[in-house]
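*Asks:* my questions are about this predicted structure, shown below with the sequence.
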Amino acid sequence: MDGERVALITGAGSGIGRAIALGIAARGARTWIVGRRAEALAETVAQAPKADLCTIAADLTNDTELAHVRDAVRADGDTLNVLVHCAGAITPGSVQEALVADLDAQYQVNLRARFQLTQALLPMLIAGRGDVVFINSTAAWGPRPGVSQYAAIHAAMRSLADSLRAEVNREGVRVLSVFPGRTASPLQRRLHAVEGKSYRPERLVQPADVAAITLAALELPRTAEVTEIALRPLTAPGD
Ligand SMILES: NC(=O)c1ccc[n+]([C@@H]2O[C@H](COP(=O)([O-])OP(=O)(O)OC[C@H]3O[C@@H](n4cnc5c(N)ncnc54)[C@H](OP(=O)(O)O)[C@@H]3O)[C@@H](O)[C@H]2O)c1
């Protein structure tokens with residue numbers, strides 16, 4: 001990755017998205033970062049003042065704001081080399097009690113926005129022979145009580161990535177799904193509070209760990225494609 005390359009990372013105002021954005025920007029790429037809170041994006045920029053980071057404050061569940069993201073990146077050039085989907089949300093609840101409105105809200109940000117943004121930027125990704133990364137979750141894989149909505153949407157996200165890969169590999173575009181287990185982040189801190197658990201971030205995967213393995217996959221020569229990566233906390237793997 002170098003200064004002639006362009007990347008876009010959603011959810012880059014905190015947690016995993018911020019770590020990946022800082023890692024990509026440190027390699028010299030022009031790096032667009034997206035999230036709803038301008039102040040959170042500004043904090044990411046402040047952590048790498050010399051990097052080529054451009055912020056777009058946008059709610060990706062809003063069609064107009066998502067189109068604004070697409071237009072800003074398009075106006076900047078013809079190609080996109082890396083698109084990382086990291087914006088996401090989780091609202092836990094049992095099947096018995098969870099609200100359908102929460103299912104809809106998680107679908108909007110975790111699946112619909114990712115589909116729509118991929119679709120909008122695909123011509124630029126093909127032109128750049130780029131990489132698309134879906135930050136998924138180990139919740140997509142196994143039965144775990146209390147997160148049926150999130151798990152179902154993430155299983156669908158894996159299918160979206162797999163179908164996309166089958167369509168665009170021939171165009172030179174690679175597609176990677178990353179499945180982190182519990183990772184220290186604001187989302188995970190909130191989840192622990194809802195679950196009534198004490199939050200001990202030092203026992204969890206770190207955002208920098210997810211960034212390191214994601215960047216390693218992206219830096220592999222284009223003779224190879226990493227399709228899936230899973231990582232989990234060493235000391236609390238099934239927590
Ligand atoms: N932490 C974990 O244990 C874990 C494990 C597996 C997978 N994941 C996944 O990893 C991704 C990143 O999560 P994280 O743990 O790093 O949590 P996080 O720090 O809360 O990051 C989520 C980011 O998404 C952004 N976002 C949320 N809704 C958005 C919207 N409608 N439009 C634009 N941006 C939006 C948030 O910024 P704004 O609030 O400013 O919009 C936030 O920066 C998520 O998809 C999550 O499901 C996390």
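*Replies:* Yes, it's here.

*Asks:* and the biggest helix by length in the chain, what does it pack onto?
*Replies:* Using DSSP state H, we find that the single longest helix of the chain is helix 148-168. Under the contact definition 3 or more Cβ pairs under 8 Å, 6 or more residues apart in numbering; DSSP states H and E, helix 148-168 sits against helix 100-107, helix 113-127, strand 131-135, strand 174-180. Every residue, glycine included, has its C-beta placed from N, CA and C.

*Asks:* OK, contacts around the residue nearest in space to the middle of the chain?
*Replies:* Centroid-nearest residue in the chain, with Cα atoms, centre = their mean: residue 86, separated by 1.7 Å. By Cβ atoms under 8 Å, 6 or more residues apart in numbering, residue 86 lies in contact with 9, 10, 11, 12, 15, 16, 17, 20, 135.

*Asks:* how far out from the middle of the chain is the longest helix of the chain?
*Replies:* Taking Cα atoms, centre = their mean, to the nearest Å, one finds helix 148-168 lying 13 Å from the centre of the chain it belongs to.

*Asks:* quick check: mean pLDDT of that helix?
*Replies:* Averaging pLDDT along helix 148-168 yields 98.

*Asks:* got the buried residues for the lowest-mean-pLDDT helix or strand in the chain?
*Replies:* The helix or strand of the chain with the lowest confidence, counting by mean pLDDT, DSSP states H and E, is helix 186-195 at a mean of 94. For helix 186-195, burial by neighbour count (16 or more other Cβ atoms under 10 Å) applies to 187, 188, 191, 192.

*Asks:* please list which of those are also close to the ligand.
*Replies:* Among the buried residues of helix 186-195, the residues lying close to the ligand (Cβ under 6 Å from any ligand atom) are 187, 188.

*Asks:* distance to residue 92 added to the buried residues of helix 186-195, as TSV?
*Replies:* Listed next are these as TSV, based on distance: Cβ to Cβ, whole Å:
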residue	distance to residue 92
187	11
188	12
191	7
192	11
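
*Asks:* please name the nearest non-neighbouring residue to residue 45.
*Replies:* residue 53 (4.8 Å; Cβ to Cβ, 6 or more residues apart in numbering).

*Asks:* my guess is that neighbour contacts residue 31. True?
*Replies:* Yes - applying Cβ atoms under 8 Å as the test, residue 53 and residue 31 come out as touching, 5.1 Å apart.

*Asks:* residue 36: neighbouring residues, count only.
*Replies:* Other residues near residue 36 come to 17 when the count uses other Cβ atoms under 10 Å.

*Asks:* got the phi and psi for the closest residue to it other than its chain neighbours?
*Replies:* Spatial nearest neighbour of residue 36, excluding adjacent residues (Cβ to Cβ, 6+ apart): residue 59 at 4.9 Å. Dihedral pair for residue 59: phi -90, psi 110, per degrees, to the nearest 10.

*Asks:* run a quick neighbour tally on residue 59.
*Replies:* By other Cβ under 10 Å, 17 other residues sit near residue 59.

*Asks:* buried residues in the longest helix of the chain?
*Replies:* Quick answer for helix 148-168 (16+ other Cβ under 10 Å): 148-154, 157-158, 160-161, 164-165, 168.
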